[in-house]
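A.B. asks: what's the 3D shape of this:
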Amino acid sequence: MDFIRVTSENLDKEHICCAISGVEARKKKEWMKSRFEEGLIFLKANVRGKCFIECIPAEYAWVPVKAEGYMYINCLWVSGQYKGHGYSNSLLEQCIQISKAEGKKGLVILSSDKKRGFLADSIYLEHKGFQVCDTAMPYFRLMVMSFENGEDKPVFREQVKHPEPYTEGFVLYYTDQCPFTSKYVPILAKMARERNVAFKEVHFTSAEQAQASYSPFSTFSLYYNGEFLTHEILSEKKFEKILAEKNC
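C.D. replies: Take a look at the predicted model:
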């Protein structure tokens, strides 16, 4: 299968592989346009489906991670009919080659203690040569593939090791890096308002803001009364379940 590197020149005509189109896809493309000059890499299979890898120099990554000189993988996603054909390996290998050519120290990516939605599979990553370099509560793992020897390993930023400041009700932190947030955040906020439940949205609009996040997954993190609930972007049905559990 052929792979296409999406750039500012071809972005408008390329399908960016996520399952959402329309307004949400346009917001994602607007986010990407501003990142290309920072070194964003988006490689996709020449298909209209989810088969792509997205990464960016870690200094510009929208995550609370210190990894100077590394390339941070935002997302490696191969789904549906494209699974089982080695496309994940091919996309990762191309990312490795580009990163080495740009003089990076290695690759870094966010994973977890077990397979979870919206996070990379740690078993697959270990098989490809990644190692855990730091952890954060309740289940996050920062994983690295180093291209050179040395003790300069990526770590979570200091605030990640401390509890989220207490805020009554729900607090949702999110970015436009994933187009699913553009669809579901307004839905969740509306559901909470209809129940007169406190719901605060914190929209990170810069890498600096996201890097100051208390949650390792700044793309989407939901808290209730200061307690971390989930990083998984919620559908209406899943949020209904949480509301019921919290007697809201």
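
A.B. asks: show me what contacts the residue nearest the centre of the chain?
C.D. replies: For the chain, the residue lying nearest the average C-alpha position, counting by C-alpha atoms, centre = their mean, turns out to be N74 (4.7 Å). Counting by C-beta atoms under 8 Å, 6 or more residues apart in numbering, N74 touches E54, C55, I56, A61, W62, Q177. Every residue, glycine included, has its C-beta placed from N, CA and C.

A.B. asks: Same list (these) but as TSV, adding secondary structure, distance to S218 and pLDDT.
C.D. replies: Converted to TSV, the contacts of N74 look like this (DSSP: H, G, I helix; E, B strand; the rest coil; distance: C-beta to C-beta, whole Å; pLDDT from 0 to 100):
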residue	secondary structure	distance to S218	pLDDT
E54	strand	15	97
C55	strand	16	98
I56	strand	13	98
A61	coil	9	98
W62	coil	6	98
Q177	coil	8	93
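
A.B. asks: out of those residues, which one sits closest to V108?
C.D. replies: The nearest member of the contacts of N74 to V108, counting by C-beta to C-beta, is A61 at 8.4 Å.

A.B. asks: Next, work out how far apart that closest one and T181 are.
C.D. replies: For A61, the distance to T181 equals 17 Å [C-beta to C-beta, to the nearest Å].

A.B. asks: Same check on K13?
C.D. replies: From K13 to T181 the distance is 24 Å (C-beta to C-beta).

A.B. asks: higher neighbour count, those two?
C.D. replies: Ranked by neighbour count (other C-beta atoms under 10 Å), K13 and T181 place T181 first, with 23 against 7.

A.B. asks: do you know how far that one is from K153?
C.D. replies: 30 Å.

A.B. asks: Also C55?
C.D. replies: 18 Å.

A.B. asks: Remind me which helix or strand A192 belongs to.
C.D. replies: Per DSSP states H and E, A192 falls inside helix 179-194.
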